[in-house]
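# Next comes the sequence, and after it the predicted model I'd like to discuss.
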Amino acid sequence: MELALLILVSYLIGSIPTGFLIGKLVKGIDIRTQGSGNIGATNVWRSLGPAPALVALVGDVAKGIVALLLGRYYGPPGFELITAGAALLGHGWSVFLRFQGGKMIATMLGILIMLPPVGLGAAAVVWLSTVGLTRYVSLASMLAVVAVPVAFAVTGAGMNLVVFGTLVALVVIYKHRSNIARLLTGTEHRFSLRK
């Protein structure tokens with residue numbers, strides 16, 4: 001029962017729609033009706049500017065950290081990946097947004113901060129390189145999450161981490177299917193430091 005409660009709490013933490021709340025508080029808008037329609041930090045940047053985007057990013061990262069720590073300190077060994085996964089599902093399918101949500105990248109970043117550094121390192125190198133070369137945040141995010149289980153596998157970080165990373169990568173790619181369609185048609189937004 002206690003473990004089920006940890007999963008539920010982690011899901012609810014992940015469900016907190018940071019970008020949506022910031023849109024309402026800062027400008028009284030539904031961020032889902034702006035730009036790409038996503039509630040993540042990239043769309044908050046495009047719609048509201050860098051400061052609100054930073055708040056959205058930090059909030060979404062914190063969700064991953066807190067959920068993982070709940071599993072690490074209050075669950076059995078390895079349970080942290082279950083609570084981390086629950087937070088990701090909450091972010092992707094938020095109960096507070098009628099099971100709509102974000103694309104899980106920032107929340108996954110928070111989780112990677114708490115796992116063996118090879119995962120975060122690989123993701124960071126791939127993400128920064130791809131954004132630098134293409135300015136496509138969506139493409140960079142998908143390639144970065146794919147790099148995570150590969151890095152865990154190559155370095156022998158543990159099969160549980162490889163499986164977790166692979167499942168997350170598959171779900172993240174699924175959440176990016178509209179971005180994939182726009183990439184294929186050449187209509188995907190490119191990132192700019194300007195609002």
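Yep, that arrived.
# Got the domain ranges for this protein?
Taking automatic domain parsing as the reference, the chain has its domains at 1-92, 115-195.
# what about G23, neighbour count?
24 (other CB atoms under 10 Å). Every residue, glycine included, has its C-beta placed from N, CA and C.
# give me the element it is part of.
For G23, the host element (DSSP states H and E) is helix 18-27.
# what do you get for V9?
helix 2-15.
# surely T134 meets A140?
Yes - contact criterion CB atoms under 8 Å: T134 and A140 qualify, at 7.3 Å.
# between these two, which one's more packed in?
A side-by-side neighbour count of T134 and A140, using other CB under 10 Å, places A140 first with 22 against 16.
# Could you look up the SS state of the more buried one?
Under DSSP: H, G, I helix; E, B strand; the rest coil, the three-state class of A140 is helix.
# Do I have it right that it meets V125?
No - using CB under 8 Å, A140 is not in contact with V125; the gap is 10.8 Å.
# quick revisit: buried ones in the helix holding V9?
Neighbour-count burial for helix 2-15 flags 6-7, 9-15 (criterion: 16 or more other CB atoms under 10 Å).
# Make a markdown table out of those and add pLDDT and distance to L21.
Below are the buried residues of helix 2-15 laid out as a markdown table (pLDDT from 0 to 100; distance: CB to CB, whole Å):
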| residue | pLDDT | distance to L21 |
| --- | --- | --- |
| L6 | 97 | 24 |
| I7 | 97 | 23 |
| V9 | 98 | 19 |
| S10 | 98 | 19 |
| Y11 | 98 | 17 |
| L12 | 98 | 14 |
| I13 | 98 | 14 |
| G14 | 97 | 14 |
| S15 | 97 | 12 |
